[in-house]
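[1] please work out how this folds:
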Amino acid sequence: MPHEVHAVVAAKQGAPVELQTILVPDPGPGEVLVAVQACGVCHTDLHYRDGAINDDFPFLLGHEAAGVIEAVGPGVTALAPGDYVVLAWRAPCGTCRSCRRGRPWYCFDSGNAGQPMTLRDGTPLAPALGIGAFAEKTLVAAGQAVKVDPHARPEAAGLIGCGVMAGYGAAVHTGAVGSGDTVAVIGCGGVGNAAIAGASIAGARRVIAVDIDDRKLDGATRFGATHTVNSRGTDPIEAVRQLTGGHGADVVIDAVGRPETYRQGFYLRDLAGTLVQVGVPDPDMRIDLPLIDLFARGGALKSSWYGDCLPSRDFPVLIDRYLSGRLDLDGFVTETIALDEVESAFDKMRDGRVLRSVVVI
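    Presented below is the predicted three-dimensional model:
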């Protein structure tokens, strides 16, 4: 029997989202039904609403969520009703060429629920990142639900499902920040601050936050930034070199994803340093760099997909660090809102007034 629930739907490109009643089926083989407790409002949801991901409207938005398993489908043995979970938009298949090579964090055939959630008239919904959690209940593949410590409040816990994991993993996994490293992070929104937190936890000697907004730079110190640079009035390349003995940072993380920030990041590095891009660019953006500089400066230029994380391994670890006071997930929660306030949350996010608005259900 399908479940009738309230959910946030993007019906057509660029139009304000709508709170609608949708139908969520009982779980089939390999699926679980999750009662959503909280879901963060991420830039990716806005990209879906604006048609920047694809045109598979209508979309069921929301993907950065925590909740409780309500029912499990046939064949699901690792989860049971009542389990407290964080949802992941990557669920390694275990059989693709990347998984077989021992790199499941790059899985090329990640699993999603097989059954569609629909509007009342039967129109299939495309769930954002295979999740669709701006809803009272959602249906996902069992591998997308990662069991974590239930003492973590859902408003904070859900954030590791996307933005926090992306930034933290960009520093710890992709950038491989180690003890004594110097790190520069460009862009101090949610993902950038998570990268700052990750670099600090990993033992970086200096973590330099770069942004054009003094309010964001002040906030970055809460997550572990040791120095800040306002690049609106200061040359960030020169400033970072001054803070690193004239050399540049060992690891630079671009959490913005624009040509100008990528170029800055390229030259913010020390020789043989690493540049990690985790900010998502628009499809039409291009970068032009002298080939001789690519050769002469050496090092590594990397993209970070979901923080190169393995959710089943990393989510419980981040929750443990939160509960022990080492990772300030609460600091990312600017406000809590209701389902019918998502559109206004998009406006605040676009204007840079929040790190995260979190829907509480």
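[2] make it CA atoms for all contacts and neighbour counts henceforth
    Will do.
[3] residue 71: which element?
    Counting by DSSP states H and E, the element that carries residue 71 is strand 64-72.
[4] so how far is that strand off the chain centroid?
    Centroid separation between strand 64-72 and its chain, computed with C-alpha atoms, centre = their mean, to the nearest Å, is 18 Å.
[5] tell me how many other residues crowd residue 96.
    Counted by other C-alpha atoms under 10 Å, the residues lying close to residue 96 total 16.
[6] could I get the pLDDT score of it?
    Predicted confidence (pLDDT) for residue 96: 97.
[7] now residue 284
    Reported pLDDT for residue 284: 89.
[8] which phi and psi values does it adopt?
    phi -90, psi 0 (degrees, to the nearest 10).
[9] please report how far it lies from residue 259.
    11 Å (C-alpha to C-alpha, to the nearest Å).
[10] the two: who's more crowded?
    Shown here are residue 284 and residue 259; by other C-alpha under 10 Å, residue 259 has more neighbours (14 against 5).
[11] from memory the more buried one sits against residue 285, does it?
    Yes - using C-alpha atoms under 8 Å, residue 259 is in contact with residue 285, at 6.8 Å.
[12] what ranges do the helices span in this structure?
    43-49, 97-100, 154-157, 163-169, 190-201, 214-220, 236-243, 259-268, 291-297, 311-323, 342-350 (DSSP state H).
[13] helices or strands next to the fourth one in the packing?
    Secondary structure elements in contact with helix 163-169, counted by 3 or more C-alpha pairs under 8 Å, 6 or more residues apart in numbering; DSSP states H and E, are helix 190-201.
[14] can you list contacts of the helix it packs on?
    Contacting residues not belonging to helix 190-201 are listed as 163-172, 177-178, 183, 185-186, 207, 209, 220, 223-225, 253-255, 279, 326-327, 332, 355-356 [C-alpha atoms under 8 Å, 6 or more residues apart in numbering].
[15] buried among those? Need that as a selection in ChimeraX.
    Only the buried entries of the contacts of helix 190-201 go into this ChimeraX selection, using 16 or more other C-alpha atoms under 10 Å:
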select :163,164,165,166,167,168,169,170,171,172,177,178,183,185,186,207,209,220,223,224,225,253,254,255,279,327,332,355,356
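[16] in strands only, show me the contacts of helix 190-201.
    Judged by DSSP state E, the contacts of helix 190-201 include 183, 185-186, 207, 209, 253-254 as members of strands.
[17] pLDDT and distance to residue 238 for those residues - can I get that in JSON lines?
    Output for the ones in strands among the contacts of helix 190-201, formatted as JSON lines (pLDDT from 0 to 100; distance: C-alpha to C-alpha, whole Å):
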{"residue": "183", "pLDDT": "98", "distance to residue 238": "15"}
{"residue": "185", "pLDDT": "98", "distance to residue 238": "15"}
{"residue": "186", "pLDDT": "98", "distance to residue 238": "14"}
{"residue": "207", "pLDDT": "98", "distance to residue 238": "16"}
{"residue": "209", "pLDDT": "98", "distance to residue 238": "14"}
{"residue": "253", "pLDDT": "98", "distance to residue 238": "17"}
{"residue": "254", "pLDDT": "98", "distance to residue 238": "17"}
